[in-house]
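Visitor: I'd like to go over a predicted model; first the sequence, then the structure.
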Amino acid sequence: MTNLRLALLTVLLCLAGAARAQPPQPFIEAADKSVPGALQEYNVPGLAVALIRNGAVVWMKGYGFADVASARPITPDTAFNVGSLSKTATAWGVMRLVERGKVELDQPVDAYLKGWRLPASQFDAKQVTIRRVLSHTAGISNHGYHGWDPASPLPPIVDSLSGKTGTGEVRVVSPPGTGFAYSGADYAIMQLLIESVSGLSFQDYMTAEVFQPLGMKDTGFGLPADFAQIMALPYGPFGELLPHLRYDELAAAGLTTTLRDLAAFAAAGLKGPHSVPPGRGVLKPQTIALMQTPQPHTRWADRDPYGPNPQYGLGYTVRPDQFSGQVGVGHGGTNNGWESLLQIIPATGDGIVLMTNSSNGSAVISTVLCLWRQWAANHSAAACPTIGIGAALDGVYLHQGVGAVVDRYRELRRSQPDKYDFSVNELNSMGYEILRRGDAACAVEILKLNAEQFPRDWNVFDSLGEALLKAGDKPHAIESYRKSLELNPQNGNGRDVLKSLGSSIQ
């Protein structure tokens with residue numbers, strides 16, 4: 001039996017199993033009760049959520065709106081950009097090449113690339129292997145991707161890797177294999193690898209080798225031709241409409257998919273009904289197991305909002321302590337106006353998929369994820385992710401003003417210190433979002449509150465100085481920049497600003 005026929009058969013078996021499975025009514029009732037209020041509280045237009053049991057999708061539902069102005073609802077067939085969840089799909093594409101003997105995991109990635117090579121550095125490029133690139137342990141520089149207007153021609157991926165698109169040249173910046181450092185550039189390299197080895201465009205290869213065999217008929221890399229009709233509209237933290245963006249770094253950030261398709265993809269990483277193996281005929285079960293296993297020398301360098309204690313496999317985040325000894329794996333995705341999450345528990349066959357069309361979406365995702373974790377862990381004390389306090393305050397600012405924001409912040413910090421993330425970057429990010437709206441006076445009040453909470457953080461005072469300048473308060477801006485330099489004499493930005501203002505450093 002060919003791989004394609006086997007994959008189609010497994011999809012049909014899973015659908016049959018799902019049809020007989022009964023969705024968990026207590027969880028659904030809890031979601032129906034909690035989600036509408038969370039959407040309103042965190043200023044998020046819509047959410048799509050799917051539940052997986054015993055390796056089969058048993059429930060899907062859309063809440064809220066894909067388009068607020070027209071009241072177009074979210075459905076399981078609404079298309080979303082899923083940001084970094086693109087990496088998990090890309091890893092499946094790479095592992096198809098590994099299984100076919102086209103590439104080897106522990107060979108240098110440079111041996112397979114056409115049109116671009118890693119620039120010379122003090123580090124040995126031969127140690128930058130495919131395994132290490134897939135697991136973010138290759139020492140590659142990190143790059144965020146700004147996206148392109150749909151009307152703009154996309155540059156080739158080699159231009160992005162070479163630093164010609166404004167995101168910086170991709171380089172080896174630390175010893176390969178010695179530590180984990182998440183990098184979108186790792187998967188931009190994987191995009192070129194797939195094109196170099198397969199001879200196909202990245203989009204065509206992924207469609208033929210992964211999406212079609214899994215029955216993901218409404219999934220692809222890049223914006224579909226009819227994106228304006230089928231995709232949700234993305235929104236910012238204050239409910240402002242954002243543009244749909246395209247990414248030439250497709251493998252890192254450019255996947256467009258629906259809840260129906262992404263849930264099928266999530267389930268394919270699990271053992272299915274009738275003992276259908278993980279991989280669903282597209283990848284071998286042992287390959288899936290390897291991808292869901294933390295790779296050597298990994299350590300998580302950044303805070304993860306859906307923690308705890310994540311590590312990284314090959315395209316999957318791995319959380320060893322997720323469910324009282326049961327491992328949780330998956331991936332999150334963030335782009336401007338989009339937040340998504342896929343999480344599965346291989347030992348039980350449970351899983352959840354969540355997609356939102358808002359920069360504040362992680363707050364709603366965290367709310368539903370808490371309900372699911374408690375249910376999936378049989379109501380034991382499963383860890384719930386914290387919610388960024390900024391998301392809880394954006395709507396307050398929008399509807400009640402900055403004074404109410406300060407009062408609400410103090411109230412929540414006192415009454416619910418464990419529910420929200422009160423770290424320094426939360427108010428700092430909110431201050432800058434308000435500053436970008438042109439409301440410098442309110443941004444100053446938010447950043448003053450942050451300085452009150454974190455009086456030893458030099459960057460807080462640097463940010464406050466910037467807002468004070470834009471508000472026209474030069475004397476207090478100088479005072480804030482001086483405080484920043486007092487806390488961090490190496491703050492070159494503060495030093496330069498003070499000089500430009502004609503002020504002495506001391």
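Guide: Thanks, I have it. Predicted model, so just to flag it, every value in this text is computed and none were measured.

Visitor: Give me the distance from the lengthiest strand in the chain to the chain's centre.
Guide: Across the chain, the strand with the greatest residue count (assigned by DSSP state E) is strand 56-67. Once both centres are worked out by Cα atoms, centre = their mean, to the nearest Å, strand 56-67 turns out to sit 19 Å from its chain's centre.

Visitor: continuing past that strand, what's the next helix or strand?
Guide: strand 72-73 (DSSP states H and E).

Visitor: ok, and what's touching the next helix-or-strand element following that following strand?
Guide: Using DSSP H and E, the helix or strand that follows strand 72-73 in sequence is strand 79-81. Here strand 79-81 makes contact (Cβ atoms under 8 Å, 6 or more residues apart in numbering) with 48, 218, 224, 227, 230-232, 234, 244-245, 253-259, 333, 335, 337-338, 340, 355-357. Quick note: C-beta positions are derived from backbone N, CA and C, even for glycine.

Visitor: Return the distance of residue 356 relative to residue 416.
Guide: Separation of residue 356 from residue 416 (Cβ to Cβ, to the nearest Å) stands at 22 Å.

Visitor: In terms of packing, which of the two has more residues around it?
Guide: residue 356 (32 against 13; other Cβ atoms under 10 Å).

Visitor: show me what contacts residue 208?
Guide: residue 200.

Visitor: where does it land in three-state SS?
Guide: With DSSP: H, G, I helix; E, B strand; the rest coil as the basis, residue 208 sits in helix.

Visitor: Which parts of the stretch 351-500 of the chain are helices?
Guide: In the stretch 351-500 of the chain, the helices defined using DSSP state H, counting those that start in this stretch lie at 361-376, 389-400, 402-415, 424-436, 440-453, 458-470, 474-487, 492-500.

Visitor: now those as JSON lines including distance to residue 151 and mean pLDDT?
Guide: Formatted as JSON lines, the helices of the stretch 351-500 of the chain follow (distance: least, Cβ to Cβ, whole Å; pLDDT from 0 to 100):
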{"stretch": "helix 361-376", "distance to residue 151": "26", "mean pLDDT": "90"}
{"stretch": "helix 389-400", "distance to residue 151": "30", "mean pLDDT": "95"}
{"stretch": "helix 402-415", "distance to residue 151": "37", "mean pLDDT": "97"}
{"stretch": "helix 424-436", "distance to residue 151": "23", "mean pLDDT": "96"}
{"stretch": "helix 440-453", "distance to residue 151": "32", "mean pLDDT": "97"}
{"stretch": "helix 458-470", "distance to residue 151": "31", "mean pLDDT": "97"}
{"stretch": "helix 474-487", "distance to residue 151": "39", "mean pLDDT": "96"}
{"stretch": "helix 492-500", "distance to residue 151": "35", "mean pLDDT": "92"}
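
Visitor: Would you mind saying which of the ones you listed lies nearest residue 99?
Guide: helix 361-376 (30.7 Å; Cβ to Cβ).

Visitor: in that closest one, what counts as buried?
Guide: Within helix 361-376, the residues scored as buried using 16 or more other Cβ atoms under 10 Å are 361-376.

Visitor: what's the answer for stretch 452-467, then?
Guide: So, applying 16+ other Cβ under 10 Å, buried residues of stretch 452-467: 453-454, 457-467.

Visitor: Tell me which two in these are the farthest apart.
Guide: Longest span within the buried residues of stretch 452-467, Cβ to Cβ: 453 and 466, 18.1 Å.

Visitor: So what's the residue count around residue 161?
Guide: Neighbours around residue 161, by other Cβ under 10 Å: 27.

Visitor: Show the pLDDT at it.
Guide: At residue 161, the pLDDT value in this model is 96.

Visitor: OK, contacts around it?
Guide: 116, 169, 170, 185, 188, 189, 192.

Visitor: ok, 6 Å please
Guide: 116, 170, 188 (Cβ atoms under 6 Å, 6 or more residues apart in numbering).

Visitor: for the first one, what are its contacts?
Guide: Under the criterion of Cβ under 6 Å, 6+ apart, the contact partners of residue 116 comprise 158, 161.

Visitor: Tell me which residues touch residue 238, please.
Guide: 394, 398.

Visitor: Break the protein down into its structural domains.
Guide: For the chain, the structural domains run 1-384, 388-500, going by automatic domain parsing.

Visitor: Can you tell me which of those domains has the worst average pLDDT?
Guide: domain 1-384 (a mean of 90).

Visitor: Which parts of the protein are strands?
Guide: 46-53, 56-67, 72-73, 79-81, 220-221, 255-258, 311-312, 317-323, 326-335, 338-345, 350-356, 387-388, 420-421.

Visitor: Could you dump those into CSV and include distance to residue 175?
Guide: Below are these laid out as CSV (distance: least, Cβ to Cβ, whole Å):
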stretch, distance to residue 175
strand 46-53, 39
strand 56-67, 42
strand 72-73, 50
strand 79-81, 34
strand 220-221, 32
strand 255-258, 31
strand 311-312, 17
strand 317-323, 23
strand 326-335, 26
strand 338-345, 31
strand 350-356, 36
strand 387-388, 33
strand 420-421, 32
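
Visitor: Looking at those, which is nearest to residue 147?
Guide: Of these, nearest to residue 147 by Cβ to Cβ is strand 326-335, at 7.1 Å.

Visitor: quick one, what contacts the nearest residue to residue 191 once chain neighbours are set aside?
Guide: Closest residue in space to residue 191, ignoring its immediate chain neighbours: residue 251 at 3.7 Å, by Cβ to Cβ, 6 or more residues apart in numbering. When contacts are counted by Cβ under 6 Å, 6+ apart, residue 251 touches 90, 187, 190, 191.

Visitor: and of the residues you listed, the nearest to residue 158?
Guide: Residue 158 lies nearest to residue 191 out of these, by Cβ to Cβ, at 10.0 Å.

Visitor: Look up phi and psi at the closest residue to residue 183 other than its chain neighbours.
Guide: Leaving aside its chain neighbours, residue 183 sits nearest to residue 142 (4.3 Å; criterion: Cβ to Cβ, 6+ apart). Dihedral angles of residue 142 (phi, psi; degrees, to the nearest 10) stand at phi -90, psi 140.
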